[in-house]
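Chemist: Provided below are the primary sequence and the corresponding predicted coordinates.
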Amino acid sequence: MSINDEQGFTILEIVVVIIIISILSAIMISQVNTGNSELIAFGDSLKAHLRYAQTRSMNSDTAWSIRFLNNSSYGLYKDGSANPYLLPGQDQPIVSCPTGITLNNGHDQSNLISFDSWGRPCLDIPGVLRQQSDRTLIISSSTGSFAIPVIKNTGFIQ
């Protein structure tokens, strides 16, 4: 009788474990967006402001809108008023993009998104001319971009 007293791992087992760890590490590293944190935070803030304007429109008889003043700022306006209103969490009525971030409002002819009393997105100040197709706002920087789709019939902001 021969007693086999083998202990330890074979080279093949070690190589397989190293390959599995490498694959898992590559997947984990690719999902970390450390360079885009400011871009994502600004995009989330814009989404919250759009939802705020939508909610104000649904709770009143007037249209509220987010007006894009250029590719780096926006404000909240009520029924075509000339002066912007203060948005939640802001110190100034005009919100400016952080340095290096630009904003594309997703429409060539309209520099605003207003909402009617049902919360549907519109292209005019009084909230009458409804958006005929889905609209995507793009926030971009040198490290990437952040898309905010606004669905035409429901006003759902993704």
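Modeler: Arrived safely, thanks for sending.
Chemist: contacting residues for Val95?
Modeler: Shown in contact with Val95 (CB atoms under 8 Å, 6 or more residues apart in numbering): 45-46, 49, 73-75, 87. C-beta: built from backbone N, CA, C; applies to glycine.
Chemist: again, but for Ile20
Modeler: Residues counted as contacts of Ile20 (CB under 8 Å, 6+ apart): none.
Chemist: where's it relative to Pro121, distance?
Modeler: Distance of Ile20 to Pro121, computed by CB to CB, to the nearest Å: 47 Å.
Chemist: Now list the buried members of the contacts of Val95.
Modeler: 45-46, 49, 74-75, 87 (16 or more other CB atoms under 10 Å).
Chemist: Give me the below-cutoff pLDDT ranges for the chain.
Modeler: Within the chain, the ranges that satisfy pLDDT under 70 run 1-6, 30-35, 108-109.
Chemist: Just the residues contacting stretch 117-134, thanks.
Modeler: Stretch 117-134 has contacts (CB under 8 Å, 6+ apart) with 54-55, 57-58, 60-61, 63, 65, 77, 79-80, 107, 109-110, 112-116, 135, 149-155.
Chemist: cutoff 6 Å now
Modeler: Outside stretch 117-134, the residues that touch it by CB atoms under 6 Å, 6 or more residues apart in numbering are 54, 58, 63, 80, 110, 113-114, 116, 149-152, 155.
Chemist: Tell me which of those residues fall in helices.
Modeler: Judged by DSSP state H, these include 54, 58 as members of helices.
Chemist: Make TSV out of the contacts of Val95 and add secondary structure and distance to Ile94.
Modeler: Converted to TSV, those look like this (DSSP: H, G, I helix; E, B strand; the rest coil; distance: CB to CB, whole Å):
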residue	secondary structure	distance to Ile94
Ser45	helix	14
Leu46	helix	13
His49	helix	12
Ser73	strand	5
Tyr74	strand	7
Gly75	strand	5
Leu87	coil	9
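Chemist: now those residues as a markdown table including distance to Pro93?
Modeler: Output for the contacts of Val95, formatted as a markdown table (distance: CB to CB, whole Å):
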| residue | distance to Pro93 |
| --- | --- |
| Ser45 | 15 |
| Leu46 | 15 |
| His49 | 11 |
| Ser73 | 10 |
| Tyr74 | 10 |
| Gly75 | 6 |
| Leu87 | 7 |
